[in-house]
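*Asks:* Build the 3D model from these lines:
(chains A and B)
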There are 2 protein chains.
Amino acid sequence: MQLSDIGELSLLETIRKRFAYKSRGIIVGIGDDAAVIKPRGKKLLITTDMMVERVHFDLSFTTPYQLGFKLVSVNVSDIYAMGGIPHYLLLDIAMNKTTEESFVNSFFDGIQDAIKLYGISLIGGDISSSKNDMVAAASLIGYAEIPVKRSGAKPGDKIYVTGSLGDSACGLELLKRIKQPFHIKRTMQDAGCRIQDKKDRESCIMNRASKQHLKSKLSKIGLTWNTIAPLLKRHLMPEARNPKNFVRHATAMLDLSDGLFIDLSRLCNESKVGARIYMEHIPLSSQAKKASSALGLDLFKLATSGGEDYELLFTAPPHPPIPPLLRGGVGGVKITCIGDITKKGMVAVDKYGKESALKAEGYQHYGIQR
Amino acid sequence: MQLSDIGELSLLETIRKRFAYKSRGIIVGIGDDAAVIKPRGKKLLITTDMMVERVHFDLSFTTPYQLGFKLVSVNVSDIYAMGGIPHYLLLDIAMNKTTEESFVNSFFDGIQDAIKLYGISLIGGDISSSKNDMVAAASLIGYAEIPVKRSGAKPGDKIYVTGSLGDSACGLELLKRIKQPFHIKRTMQDAGCRIQDKKDRESCIMNRASKQHLKSKLSKIGLTWNTIAPLLKRHLMPEARNPKNFVRHATAMLDLSDGLFIDLSRLCNESKVGARIYMEHIPLSSQAKKASSALGLDLFKLATSGGEDYELLFTAPPHPPIPPLLRGGVGGVKITCIGDITKKGMVAVDKYGKESALKAEGYQHYGIQR
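*Replies:* Numbers count the residues shown, from 1 in each chain, chains lettered A, B, ... in the order given. Next up is the predicted model:
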């Protein structure tokens, strides 16, 4: 059954039933001209992020479930990057009328799983048809006691990142080569950890035929499923990093969406400071090392300008020291110091101590690279 | 110059400069991971509406200025329909990288004029490329002391609409036939009033050649510019109706976006009531009467299920009477009582007093009409 058989009113009714719950200050939810919430006494955060077919995602290797999950995650990542707690979500979705009902259901499964994970509520949105590509946008509202802006970094602060960089970009390169979707869901263990659960591993692969096909593809390039799965997962359905156990120390913060160097340059510009990055300290996962080596990719480039890491980049004074592990996920996510905030200029230091100017490269829409 | 020559960072910088102002509780505006506002003690309203190329607009007869203006207006209309005051706007825009800079500038001119008109601030957004059609979505945040929901109508209440219905649908039919853009801007006098200002009239027409061409087209079907201009304007750049001088009486309200009958059925469903509509009382403008007659269109159908009226439909007890004029616009906009709320069922009464079941027809995405 396609959307043209279901119709907008019926689809809206389904969504309303699926997401109908009253909680935490929702006075009017889905179904009126606007949602109504009772704001608490804190500061209100609002962010929005959109995902466009053939720009942000490729349906030949992204499942609708993953798309829904990622749409929520990238918005949550922005609220976390302000040191906030996400609460209320609004969706704008444009889909072709030939879209299958099963696609729409899976998309909302992904939205729902993400909503549960982050503890947020869907309170409204707009559904439209599109003549061509699918477009999905979300707006997310949250609260923060003390928002962490991009502009608070001071010379002498240390620069930290969560997790490892380049995993997502590496995952994307793998997907472009393998060209098939993987039905990875959230139950799978967190990226960065070994996939030990056989059931999880099985559920990632569409069927036996494609599993066999994949195995032969991977063995040709000397890779295993255990190596590539965390990379695929980090690209297809990243989980946003909640900074709760270091946020009180952070002087400036943002989430890495376009690449370390371009995003760091944004933080430095807003804070009117410079940065010195120790290239050897940039955290790279063993899986990304193996995969990039097998595929002949420059992992260093992927880690510094590949984009879509959705890790947090933040600055903090040298004292007190930041706990090295971010709670959440299986075994947590490590926190790595990669450099220092300086008065001006952006400098990269290589393993021999040689300094060179750091170029703010990363993803930009409309095809300009600086 | 195209977007591919400008680049995302440079475009973002331009937008930030153009819309940079701090006011009314904005702690962090455009340029961080999320905007930060200090909520006031009232109830917070949030709405979102998207516009998709070739679904909501046709760039062969919609100017980018009008598109920007309308995107803001349709969202403001939702906040007004809750009895609220709009405050903070976020935008999501996906445009092809071949989009001309002049197009982008005009689009933001339209956004800016609308923002000034409604007294709101742009506080954030997301800009993306698209492979094909343009998509623009806006999220709008406002406040209301006492939100007016769709669910408050009671049997015995009177049903009112602002302005006249079918003007926008009539304007769209005209545009489809004339197939040319009109550079109507907000300075033009309000729809429903005669266009008396020669300068306004002139500015509506692209150039002399097309003016002459249009004149001959119109004279062939027996229409004049003064007749069609308010209809075109109501479709291309509707101004949202602020209910401030009757909102205290309204028991239920929504804005007419998909057509009187389908939207009335929504209000009745939410309020669990019925309605009796006196067809003779549905307000029709003299311009719509002339134009529909000249084009052989069923104005009654356009007025009841044409959609995009962006007039307010509301219910109120019979006493005290509602002031017949909505302040705002040149000479104001009239308010018309078109029927009564009943216990159940939806009935249309014709000029002879004959009753028939009212069908909830109107625009639905994915092509289903009920």
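
*Asks:* which SSE is A:Arg177 in?
*Replies:* A:Arg177 is part of helix A:167-178 when elements are defined by DSSP states H and E.

*Asks:* Now that helix: average pLDDT?
*Replies:* Regarding helix A:167-178, the rounded mean pLDDT is 93.

*Asks:* Show me what it packs onto, helices and strands only.
*Replies:* Packing partners of helix A:167-178 (3 or more Cβ pairs under 8 Å, 6 or more residues apart in numbering or on different chains; DSSP states H and E): helix A:225-236, helix A:286-295, helix A:299-305. C-betas here are computed from N, CA, C, even on glycine.

*Asks:* and the shortest one, what does it pack onto?
*Replies:* Meaning helix A:299-305. helix A:167-178, helix A:260-271, helix A:286-295.

*Asks:* C-alpha coordinates for the second one, PDB please?
*Replies:* Read it as helix A:260-271. Below are the C-alpha coordinates for helix A:260-271, written out as PDB (Å, rounded to 0.1, in the frame of the first residue of the first chain):
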ATOM      1  CA  LEU A 260      37.000  18.600  13.100                       C
ATOM      2  CA  PHE A 261      39.000  21.300  11.400                       C
ATOM      3  CA  ILE A 262      36.000  23.400  10.000                       C
ATOM      4  CA  ASP A 263      34.100  23.000  13.200                       C
ATOM      5  CA  LEU A 264      37.100  23.900  15.400                       C
ATOM      6  CA  SER A 265      37.600  27.000  13.200                       C
ATOM      7  CA  ARG A 266      34.000  28.000  14.000                       C
ATOM      8  CA  LEU A 267      34.600  27.600  17.700                       C
ATOM      9  CA  CYS A 268      37.800  29.600  17.500                       C
ATOM     10  CA  ASN A 269      36.100  32.400  15.400                       C
ATOM     11  CA  GLU A 270      33.300  32.700  17.900                       C
ATOM     12  CA  SER A 271      35.600  32.700  20.900                       C
END
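
*Asks:* Name the residues that touch stretch A:64-75?
*Replies:* A:47-49, A:51, A:57, A:59, A:86, A:89, A:91, A:103-104, A:106-115, A:118, A:120, A:136, A:138-140, A:183-186, A:236-240, A:257, A:310 (Cβ atoms under 8 Å, 6 or more residues apart in numbering or on different chains).

*Asks:* Go through these and flag which are in strands.
*Replies:* If you go by DSSP state E, the contacts of stretch A:64-75 have A:47-49, A:51, A:86, A:89, A:91, A:136, A:138-140 in strands.

*Asks:* The closest residue to chain B within the stretch 201-350 of chain A - how many residues pack around it?
*Replies:* Nearest residue of the stretch 201-350 of chain A to chain B, counting by Cβ to the nearest Cβ: A:Leu254, 5.5 Å away. Around A:Leu254 there are 22 other residues, counting by other Cβ atoms under 10 Å in any protein chain shown.

*Asks:* Just grab the bridge partners of it for me.
*Replies:* A:Leu313 (DSSP bridges).

*Asks:* Tell me who's in contact with it.
*Replies:* A:81, A:150, A:263, A:266-267, A:312-314, B:32-33.

*Asks:* ok, those vs A:Gly7, which is closest?
*Replies:* B:Asp33 (37.3 Å; Cβ to Cβ).

*Asks:* what about that closest one, which SS state?
*Replies:* What DSSP: H, G, I helix; E, B strand; the rest coil gives for B:Asp33 is coil.

*Asks:* Hmm, it is touching A:Arg150, no?
*Replies:* Yes. Using Cβ atoms under 8 Å, B:Asp33 is in contact with A:Arg150, at 7.4 Å.

*Asks:* Between those two, which contacts overlap?
*Replies:* A:253-254.

*Asks:* Between those two, tell me which one has more neighbours.
*Replies:* Taking other Cβ under 10 Å, B:Asp33 and A:Arg150 do not tie; B:Asp33 has more neighbours (29 against 24).

*Asks:* Tell me which of the helices and strands packed on helix A:167-178 sits nearest to B:Asp167.
*Replies:* Set against B:Asp167 and scored by Cβ to Cβ, those come closest in helix A:225-236, at 47.6 Å.

*Asks:* Off-centre distance for that closest one?
*Replies:* On the basis of Cα atoms, centre = their mean, to the nearest Å, helix A:225-236 sits 14 Å off its chain's mean C-alpha point.

*Asks:* Skipping adjacent residues, who's closest to A:Gly166 in space?
*Replies:* With sequence-adjacent residues excluded and distances taken as Cβ to Cβ, 6 or more residues apart in numbering or on different chains, A:Gly166 is closest to A:Ala303, at 3.3 Å.

*Asks:* Go ahead and confirm the one you found touches A:Leu165.
*Replies:* Yes. With contact defined as Cβ under 8 Å, A:Ala303 and A:Leu165 form a contacting pair (3.9 Å).

*Asks:* Common neighbours of the two, please.
*Replies:* Joint contacts of A:Ala303 and A:Leu165 (Cβ under 8 Å, 6+ apart) are A:260, A:282, A:284.

*Asks:* Please convert these to JSON lines, extending it with pLDDT.
*Replies:* Shown next, in JSON lines, are the shared contacts of A:Ala303 and A:Leu165 (pLDDT from 0 to 100):
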{"residue": "A:Leu260", "pLDDT": "96"}
{"residue": "A:Ile282", "pLDDT": "97"}
{"residue": "A:Leu284", "pLDDT": "97"}
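
*Asks:* between those, which is closest to A:Ala294?
*Replies:* Scanning the shared contacts of A:Ala303 and A:Leu165 for proximity to A:Ala294, where the rule is Cβ to Cβ, the winner is A:Leu284, at 14.6 Å.

*Asks:* What does the closest one show for phi and psi?
*Replies:* The phi/psi pair for A:Leu284 (degrees, to the nearest 10) reads phi -120, psi 140.

*Asks:* Quick one: residues contacting it.
*Replies:* By Cβ under 8 Å, 6+ apart, A:Leu284 lies in contact with A:164-166, A:299, A:303.

*Asks:* Most neighbours of all the residues you listed, which one?
*Replies:* For these, neighbours tallied by other Cβ under 10 Å; top is A:Gly166, 32 neighbours.

*Asks:* so that residue touches A:Asp298, yeah?
*Replies:* No. Contact between A:Gly166 and A:Asp298 fails when scored by Cβ under 8 Å: they sit 9.6 Å apart.

*Asks:* any idea how far chain B is from the closest residue to A:Arg18 other than its chain neighbours?
*Replies:* Residue nearest to A:Arg18 in three dimensions, not counting chain neighbours: A:Phe108, with 6.4 Å by Cβ to Cβ, 6+ apart. Counting by Cβ to the nearest Cβ, to the nearest Å, the separation of A:Phe108 from chain B is 16 Å.
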